[in-house]
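Asks: Show me how the following folds:
(one chain, ligands or ions: 1)
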Amino acid sequence: MNHINKSTEYWQELDRAHHLHPFTDTKSLNEKGTRVITKADGIYLWDSDGNRVLDGMAGLWCVNIGYGRKELVDAAQRQMMELPYYNTFFQTTNAPATELSQLLAEITPEGLNRVFFANSGSEAVDTVIRLVRRYWQVEGQPDRNVIISRNNAYHGSTVAGASLGGMDPMHEQSGLMMPGIEHIMQPYWYKDGGDLSPEEFGLKAAQALEERILEVGPEKVAAFIGEPIQGAGGVIVPPETYWPEIQRICEKYNILLVADEVICGFGRTGNWFGSETFGIKPDLMSMAKGMSSGYLPISAVMVGDRVADSLIEKSGEFYHGYTYSGHPASCAVAIENIRLMRDEGIVDRVRDETGPYFQKRLRELEDHPLIGEVVGYGLVAGMVMVKNKETRELFENGSEVGNICRDHCFNNGLIMRACGDRMVLSPPLVMTKAEIDELLEKVKYCLDLTAKDLGKL
Ligand code: PMP
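Replies: You can find the predicted model right below:
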């Protein structure tokens with residue numbers, strides 16, 4: 001379709017008539033009309049009215065390398081000319097799938113050497129569930145099928161992903177939650193820590209896992225899954241004591257530890273994987289988003305030697321896979337994306353330079369009358385808007401406050417996401433210090449507008 005000479009209203013009308021958007025109140029969106037994004041470059045987007053917007057969310061936490069990288073387009077084009085598609089089911093493979101497998105084994109933590117490909121984070125998480133349950137079957141312990149997750153975790157939107165996630169509103173609408181899933185408390189010190197120090201609270205939150213394992217029966221628990229930093233839950237960074245204790249408990253009860261790296265992977269926290277930032281040694285890792293910087297859909301599960309060796313040896317055929325598992329064009333783009341991130345030192349720069357600078361500048365907002373805590377690592381951060389900074393009292397209508405702030409951002413050329421009362425940022429990893437300064441200026445301006453609306457300035 002020729003987009004030239006068509007107007008914003010034209011696309012809005014088509015959208016209103018036919019398009020159901022994800023995670024959207026369609027009625028209220030249709031009343032307002034959607035914003036039509038037409039192009040992007042670096043860290044900026046442009047809409048169909050010519051407005052420039054700073055993308056503080058890298059799309060949906062995924063455009064790690066930034067927009068407009070011709071190398072990725074060329075990689076896709078080359079591969080599509082040569083072999084646009086073939087499956088990996090029928091005893092066949094393709095060159096990009098093999099090379100990406102090797103590359104992923106190289107950049108992921110030690111002991112993770114095998115990969116299963118899928119297309120989205122949700123599909124990767126579904127694959128985790130299939131793999132974990134099959135592993136315990138072939139190990140002769142089929143009753144070990146319970147997977148423990150956390151409240152306010154996000155693991156995708158398929159039936160399995162939504163069940164595993166701990167988002168109450170999603171559970172309430174689904175009515176089809178999968179059996180064999182348990183949720184424990186999240187490690188959100190600011191909200192739930194009370195009089196405990198963050199370190200004490202981190203231990204308490206981790207020990208909830210041990211309590212639940214004992215309630216369910218250790219012989220029934222297959223795995224624990226967690227995001228190193230909870231992303232969609234509002235960028236909740238656990239206290240330092242949390243992950244080591246989780247690791248200890250999983251080892252004590254011989255339970256598989258799964259890190260959902262869909263957001264934290266591929267440099268977001270200043271290391272290639274969030275597991276490195278937090279010293280987690282996962283048995284399996286789900287990943288997506290930054291793997292191809294969102295240029296084409298692709299996801300994967302890294303499978304550690306313990307699980308992979310056992311499945312390869314004992315499972316026979318594993319009845320699982322997707323038409324597009326190991327899609328050649330997506331794999332070619334992911335390879336090019338990882339190569340550029342490596343060759344250009346993008347992850348190192350986030351670790352050593354831009355990440356610390358971004359975090360330092362954002363911490364300045366802790367002086368803002370509306371902001372309780374600011375937390376994050378590398379180029380991901382969350383801040384909570386609070387009623388009372390002294391007592392850590394939250395707003396009763398947190399989501400409304402979040403939406404006020406998000407709308408100010410939207411109207412002032414900035415994408416910053418609201419997760420309830422938490423405002424979150426996850427910009428492209430190629431951001432410069434000057435761009436971070438520009439981002440901070442916009443963030444502060446929009447927080448001031450929000451504070452004024454709430455009578456706090
Ligand atoms: N796991 C985590 C940790 C995520 O953040 C997301 C998406 N935000 C998913 C899984 C699901 O990924 P997708 O939307 O690609 O299905």
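
Asks: Not counting its neighbours along the chain, what's nearest the closest residue to the ligand within the stretch 251-400 of the chain?
Replies: For the stretch 251-400 of the chain and the ligand, the shortest gap (C-beta to the nearest ligand atom) falls at residue 262, measuring 3.4 Å. All C-beta spots, glycine's among them, are computed from the backbone N, C-alpha and C. In space, and not counting its chain neighbours, residue 262 is closest to residue 121: 3.9 Å by C-beta to C-beta, 6 or more residues apart in numbering.

Asks: roughly how far apart are that neighbour and residue 111?
Replies: Counting by C-beta to C-beta, to the nearest Å, the gap from residue 121 to residue 111 is 22 Å.

Asks: give the contact list for the residue nearest to residue 262.
Replies: Counting by C-beta atoms under 8 Å, 6 or more residues apart in numbering, residue 121 touches 155-156, 161, 260, 262, 286-289, 299.

Asks: Of the residues you listed, which belong to strands?
Replies: By the criterion of DSSP state E, membership of the contacts of residue 121 in strands covers 260, 286-287, 299.

Asks: Compare these and tell me which has the most neighbours.
Replies: residue 260 (33 neighbours; other C-beta atoms under 10 Å).

Asks: So that residue is in contact with residue 288, correct?
Replies: No - if you go by C-beta atoms under 8 Å, residue 260 and residue 288 don't touch, sitting 9.6 Å apart.

Asks: How much space separates residue 165 from the ligand?
Replies: Going from residue 165 to the ligand by C-beta to the nearest ligand atom, to the nearest Å gives 8 Å.

Asks: How about residues contacting whatever helix or strand residue 11 lives in?
Replies: For residue 11, the host element (DSSP states H and E) is helix 8-18. For helix 8-18, the external contacting residues (C-beta under 8 Å, 6+ apart) are 30, 33-34, 36, 47-49.

Asks: ok, 10 Å please
Replies: Residues from elsewhere that reach helix 8-18 (C-beta atoms under 10 Å, 6 or more residues apart in numbering): 3, 6-7, 19, 21, 26, 29-36, 38, 47-50.

Asks: how about the closest residue to the ligand within the stretch 351-457 of the chain, what does it touch?
Replies: The stretch 351-457 of the chain approaches the ligand most closely through residue 426 (10.0 Å), counting by C-beta to the nearest ligand atom. Contact analysis of residue 426 by C-beta under 10 Å, 6+ apart lists 55-64, 231, 235, 263, 268, 289-290, 376, 378-382, 415-417.

Asks: Next up, the contacts around the closest residue in space to residue 358 that isn't next to it in sequence.
Replies: Nearest residue to residue 358, sequence neighbours excluded (C-beta to C-beta, 6+ apart): residue 436, at 5.1 Å. Residues in contact with residue 436 (C-beta under 10 Å, 6+ apart) are 43, 354-355, 357-362, 379, 427.

Asks: Those into CSV, with extra columns for neighbour count, secondary structure and pLDDT?
Replies: Below are the contacts of residue 436 laid out as CSV (neighbours: other C-beta atoms under 10 Å; DSSP: H, G, I helix; E, B strand; the rest coil; pLDDT from 0 to 100):
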residue, neighbour count, secondary structure, pLDDT
43, 24, coil, 98
354, 22, helix, 98
355, 27, helix, 98
357, 18, helix, 98
358, 26, helix, 98
359, 19, helix, 98
360, 10, helix, 98
361, 19, helix, 98
362, 22, helix, 98
379, 27, coil, 98
427, 26, coil, 98
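
Asks: how many neighbours does the nearest residue to residue 165 once chain neighbours are set aside have?
Replies: Residue nearest to residue 165 in three dimensions, not counting chain neighbours: residue 155, with 4.4 Å by C-beta to C-beta, 6+ apart. Neighbour count for residue 155, taken as other C-beta under 10 Å: 32.

Asks: same deal with residue 90?
Replies: 6.

Asks: close enough to count as contact, residue 62 and residue 290?
Replies: Yes - Residue 62 sits in contact with residue 290 when judged by C-beta atoms under 10 Å, with a separation of 5.9 Å.

Asks: Regarding the protein, what is its longest strand?
Replies: Criterion DSSP E: the longest strand present in the chain is strand 380-388.

Asks: Low-confidence regions, the stretch 51-200 of the chain specifically.
Replies: Of all residues in the stretch 51-200 of the chain, none has pLDDT under 70.

Asks: Show me the helices in it, by range?
Replies: With helices called from DSSP state H, counting those that start in this stretch, the stretch 51-200 of the chain shows them at 58-61, 70-82, 95-107, 121-138, 159-164, 168-174, 189-192, 198-216.

Asks: Who are the packing partners of the last one?
Replies: What it means is helix 198-216. strand 146-150, strand 181-184, helix 189-192, strand 221-226, helix 242-252 (3 or more C-beta pairs under 10 Å, 6 or more residues apart in numbering; DSSP states H and E).

Asks: could you pull out the strands for the stretch 351-457 of the chain?
Replies: Secondary structure of the stretch 351-457 of the chain (DSSP state E, counting those that start in this stretch): strands at 371-377, 380-388, 393-394, 414-415, 417-419, 422-425.

Asks: Phi and psi next, for residue 278.
Replies: Residue 278 adopts backbone torsions of phi -110, psi 0, taken as degrees, to the nearest 10.

Asks: Against the ligand, how distant is the closest residue to residue 258 other than its chain neighbours?
Replies: Nearest non-adjacent residue to residue 258, counting by C-beta to C-beta, 6+ apart: residue 225, 4.1 Å away. Distance, residue 225 to the ligand, using C-beta to the nearest ligand atom: 9 Å.

Asks: My read is that residue 225 contacts residue 124, right?
Replies: No - the pair residue 225 / residue 124 is not scored as a contact, 11.3 Å apart, by C-beta under 10 Å.

Asks: Pick out whichever of those two has more residues nearby.
Replies: residue 124 (29 against 26).

Asks: who are the neighbours in contact with residue 368?
Replies: 374, 383, 385, 389, 443-444, 447-448, 450-451, 456-457.

Asks: thinking again about what came up before, for the contacts of residue 436, which one is nearest residue 335?
Replies: Comparing the contacts of residue 436 against residue 335 with C-beta to C-beta places residue 379 closest, at 22.6 Å.

Asks: which residues are common contacts for residue 62 and residue 290?
Replies: Common neighbours of residue 62 and residue 290 (C-beta under 10 Å, 6+ apart) are 262-263, 266, 268, 426, 428.

Asks: By neighbours, which of those wins?
Replies: Neighbour count (other C-beta under 10 Å) singles out residue 268 as the most crowded of the shared contacts of residue 62 and residue 290, with 33 neighbours.
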